[in-house]
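Q: missing the sequence, but the structure's below:
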């Protein structure tokens with residue numbers, strides 16, 4: 001299985017982000033002597049409404065499209081009109097990702113891009129592509145297009161699978177790609193038509209197969225936590241088990257994306273296939289150890305389950321000496337830690353994790369240690385947004401780990417400079433595009449009334 005690492009993210013046209021923003025996840029401009037040691041963590045700061053959550057939402061959106069071929073049809077234009085930027089009414093995202101295996105002397109990279117637009121009264125996928133970047137210096141002028149679908153037509157598919165697969169895939173794209181991700185359609189066709197073994201056999205030797213396979217691996221291990229209230233939607237699309245056909249991916253590695261609650265208002269809120277229940281029990285044991293770091297008086301976490309067809313509908317019960325507490329009645333902080341644990345596991349295990357407002361409802365002391373843990377021990381990457389200054393204290397010695405988003409989506413990055421510190425510059429309004437022009441007395445009119 002390929003290992004992957006996000007090098008760069010570009011996005012625009014989502015929620016508060018009108019202009020394109022770029023965040024670099026790797027400080028070097030070359031893959032020679034590749035080393036992610038100092039690039040495990042990125043945090044994004046900014047005032048309320050500046051676009052922090054929008055960056056996470058952009059990744060959440062393409063993850064949903066990767067998971068489900070019915071996502072756009074299910075959520076509808078009303079939902080997307082709330083999610084996408086009001087002025088632009090179009091959306092684009094681009095990810096540059098390094099990938100390698102134990103036989104490679106250095107990583108290669110691919111760029112995945114998607115663009116959506118509002119047409120004929122609905123949002124449609126305008127273009128989706130994968131390019132293979134063979135240059136160690138990341139020169140994309142020399143990139144080779146591996147997969148390109150534009151306005152419902154398959155224009156490029158460079159794999160070893162031959163003309164029969166191309167014709168079949170061309171038909172799938174023509175019928176479905178304005179509403180479904182091409183990557184999703186590609187994997188479904190591999191399964192349906194029996195091309196899987198031939199595709200996997202040529203992954204080591206064919207650039208096109210390698211790039212597409214690496215993209216599948218990246219999205220499979222990508223995990224995003226975004227509060228559902230930010231999405232104006234009560235239920236999130238549960239990930240499909242579509243990609244379990246990839247023979248080099250073990251069942252254990254696939255458990256993390258399956259665990260986010262899909263029905264928050266239902267007592268039995270976590271749906272687990274009967275065949276996956278053993279793995280889920282192991283996951284809950286790891287979760288128990290994690291929660292005990294924050295709440296030492298926790299004795300254990302039990303699973304209250306009931307059978308529903310081929311699935312169990314499960315509810316977690318937190319056990320203390322004083323009694324038992326259902327998950328829905330737990331403290332806000334414990335709920336947040338429970339919900340983000342599977343996303344954190346993705347980062348620790350080698351994937352990429354995006355978490356909105358990691359600092360919300362979490363003690364600053366524990367938060368700093370958690371960030372330090374990811375920096376020192378994780379195999380993957382963590383991106384999160386924050387308001388609290390505590391993460392700055394953990395990350396300020398690491399140049400380019402702290403990003404800011406300000407007026408007109410202006411992005412700036414912290415770089416070490418003498419004795420200056422981001423946790424003093426930021427609240428003092430010394431970061432470009434961010435001006436906290438406020439004093440205590442400014443709140444007086446807000447609470448004045450005739451009775452007072």
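A: Nice, I can see it. Because the structure is predicted, anything quoted here is derived from the model rather than measured.

Q: From here on, just use CA atoms for contacts and neighbour counts.
A: Fine.

Q: for the stretch 1-150 of the chain, what spans make up the strands?
A: 3-12, 21-24, 41-45, 90-100, 108-119, 122-133, 144-150 (DSSP state E, counting those that start in this stretch).

Q: I should have written the stretch 301-450 of the chain there, sorry.
A: 311-320, 323-326, 352-355, 381-385, 402-405, 411-413.

Q: and residue 222, which of the ones you listed is closest to it?
A: Distance to residue 222, taken as Cα to Cα, is lowest for strand 352-355 among the strands of the stretch 301-450 of the chain, at 4.9 Å.

Q: sorry, back to before: need the strands of the stretch 301-450 of the chain in JSON lines with distance to residue 164, can you?
A: Listed next are those as JSON lines, based on distance: least, Cα to Cα, whole Å:
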{"stretch": "strand 311-320", "distance to residue 164": "37"}
{"stretch": "strand 323-326", "distance to residue 164": "54"}
{"stretch": "strand 352-355", "distance to residue 164": "35"}
{"stretch": "strand 381-385", "distance to residue 164": "39"}
{"stretch": "strand 402-405", "distance to residue 164": "47"}
{"stretch": "strand 411-413", "distance to residue 164": "46"}
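
Q: out of these, which comes closest to residue 369?
A: It's strand 381-385; of the strands of the stretch 301-450 of the chain, that one is closest to residue 369 (Cα to Cα) at 14.1 Å.

Q: Pull the distance from the closest one to the chain's centre.
A: From the chain centre to the centre of strand 381-385 is a distance of 9 Å (Cα atoms, centre = their mean, to the nearest Å).

Q: Packing partners of it?
A: In terms of contacts (3 or more Cα pairs under 8 Å, 6 or more residues apart in numbering; DSSP states H and E), strand 381-385 is packed against strand 41-45, helix 332-349, strand 352-355.

Q: hey, least reliable of the ones you listed by pLDDT?
A: Mean pLDDT per stretch puts helix 332-349 lowest among these, at a mean of 93.

Q: got a list of contacts for that one?
A: Helix 332-349 is contacted by residues 221-225, 256-257, 259-261, 287, 290-291, 327-328, 352-355, 360-362, 374, 377-382 when judged by Cα atoms under 8 Å, 6 or more residues apart in numbering.

Q: Please, where are all the helices along the stretch 351-452 of the chain?
A: Taking DSSP state H, counting those that start in this stretch, the helices of the stretch 351-452 of the chain run over residues 364-377, 390-395, 422-425.

Q: Just name the most buried of these.
A: helix 390-395 (a mean of 19; mean count of other Cα atoms under 10 Å).

Q: ok, back up a step: make JSON lines out of the helices of the stretch 351-452 of the chain and add mean pLDDT and distance to residue 200.
A: JSON lines is the format used below for the helices of the stretch 351-452 of the chain (pLDDT from 0 to 100; distance: least, Cα to Cα, whole Å):
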{"stretch": "helix 364-377", "mean pLDDT": "96", "distance to residue 200": "31"}
{"stretch": "helix 390-395", "mean pLDDT": "95", "distance to residue 200": "40"}
{"stretch": "helix 422-425", "mean pLDDT": "93", "distance to residue 200": "47"}
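
Q: Same list, these, but as CSV with distance to residue 86 please.
A: What follows is the helices of the stretch 351-452 of the chain, written out as CSV (distance: least, Cα to Cα, whole Å):
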stretch, distance to residue 86
helix 364-377, 35
helix 390-395, 32
helix 422-425, 32
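
Q: any idea how far residue 445 lies from residue 193?
A: Distance, residue 445 to residue 193, using Cα to Cα, to the nearest Å: 68 Å.

Q: residues touching residue 170, list them.
A: 153-154.

Q: how about a cut-off of 10 Å?
A: 149, 152-157, 164, 177 (Cα atoms under 10 Å, 6 or more residues apart in numbering).
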